[in-house]
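In: quick one, structure for this:
(one chain, ligands or ions: 1)
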Amino acid sequence: MRLIIWVLALLLSAAPGFAQAPGKPGFGGGKPETEQPGVCNVQQRQLIEQAFRDALAMTRLSIQRLDREPNLPEFRRWFGTAPVQTVRGNLVLIANHMATQRPPALFCNPPNACPQGRFAFVMTGSGGMGFCPLFFNARNDGFDSRPGIVVHEISHVAARTRDIVYSPSRAATLAKDDPMSAAINADNYEYFVETTGAGALR
Ligand SMILES: [Zn+2]
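Out: Numbers count the residues shown, from 1 in each chain. Have a look, this model is predicted:
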């Protein structure tokens, strides 16, 4: 019985919303989980869930700040002269998605799916998400943070954003040169939320 209670406690402490992979080693045997390629352990699931919660809080704050000040300097920095309502609509889609959904499947450091430079990925079709070593090594704030990486990936699913350019400098240049492209580029949403919503974590 103690074993069952321990397993239940472990399940309850695991990130809500994420289904545990069936047949995962460690469950049933009561032994500590062993690393298995591509399978997320409890600590990784908790880190991912926290990143989703932080990403939601930051995105909501970004929307609030934009509503208070449509001429926000950060908006011009990341979206140039793109229409505020277009970008705001996408931010709302991203926030609603994070508030109500979690990926149907999670993969952590899957071999062969984490080439150099990849933080995370989302599978078109299934909506499953993978998280790479760069995500787990990322900070919780600043550019390319864990919450920001979640905003980037969810923007693909919720707002059909694309990857036209990567990196803060290229995203800022895109905002100046081609605002309509910036308004559909995933990194521009990530950096806008990272620079505008950081106060939500303090
Ligand atoms: Zn992307």
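In: contacts and neighbour counts: CA atoms only from here.
Out: OK.
In: low-confidence stretches in this structure?
Out: 1-34 (pLDDT under 70).
In: any idea which helix is longest in it?
Out: Criterion DSSP state H: the longest helix present in the chain is helix 42-68.
In: now that one: how far from the chain's centre is it?
Out: 8 Å (C-alpha atoms, centre = their mean, to the nearest Å).
In: give me the buried positions along that helix.
Out: Using 16 or more other C-alpha atoms under 10 Å as the test for burial, helix 42-68 gives 42, 44-63, 66.
In: what packs against that helix?
Out: On a contact count with 3 or more C-alpha pairs under 8 Å, 6 or more residues apart in numbering; DSSP states H and E, helix 42-68 meets helix 84-100, helix 146-159, helix 186-196.
In: now do it against helix 186-196, angle only.
Out: Helix 42-68 and helix 186-196 are oriented at 80 degrees to each other (axes from the mean of the first three to the mean of the last three C-alpha atoms, to 10 degrees).
In: quick one, phi/psi of F121?
Out: phi -150, psi 160 (degrees, to the nearest 10).
In: next, count neighbours for it.
Out: A total of 21 residues lie near F121 under the criterion other C-alpha atoms under 10 Å.
In: for A99, same thing?
Out: Using other C-alpha under 10 Å, A99 has 14 neighbouring residues.
In: how about it, nearest residue that isn't a chain neighbour?
Out: Of all residues not flanking A99 in the chain, L56 sits nearest, at 6.7 Å (C-alpha to C-alpha, 6 or more residues apart in numbering).
In: pretty sure the one you found contacts H97?
Out: No - counting by C-alpha atoms under 8 Å, L56 stays clear of H97, with 9.1 Å between them.
In: now do the longest helix of the chain and helix 84-100, the angle between them.
Out: Going by the same axes, to 10 degrees, helix 42-68 makes 150 degrees with helix 84-100.
In: what residues sit buried inside whichever helix or strand comes after helix 42-68?
Out: As assigned by DSSP states H and E, the chain's next helix or strand after helix 42-68 is helix 73-79. Buried residues in helix 73-79, counting neighbours by 16+ other C-alpha under 10 Å, are found at E74, F75, R76, R77, W78, F79.
In: farthest-separated two in the residues you listed?
Out: Farthest-apart pair in those is E74 and F79; separation 8.3 Å (C-alpha to C-alpha).
In: that older thread, and which of the buried residues of helix 73-79 is nearest T86?
Out: Nearest to T86 among these, with distances taken as C-alpha to C-alpha, is F79, at 10.4 Å.
In: hang on, that closest one packs against I184?
Out: No - the pair F79 / I184 is not scored as a contact, 9.5 Å apart, by C-alpha under 8 Å.
In: one step back: who's in contact with the residue nearest to A99?
Out: A95, M98, A99 (C-alpha atoms under 8 Å, 6 or more residues apart in numbering).
In: hang on, the earlier thing: nearest to V165, out of the helices and strands packed on helix 42-68?
Out: helix 186-196 (7.4 Å).
In: which residues sit against the closest one?
Out: Helix 186-196 has contacts (C-alpha under 8 Å, 6+ apart) with 58-59, 61-62, 65, 74-75, 78-79, 91, 141-145, 148-149, 151-153, 155-156, 161-163, 165-168, 171-172, 182-183.
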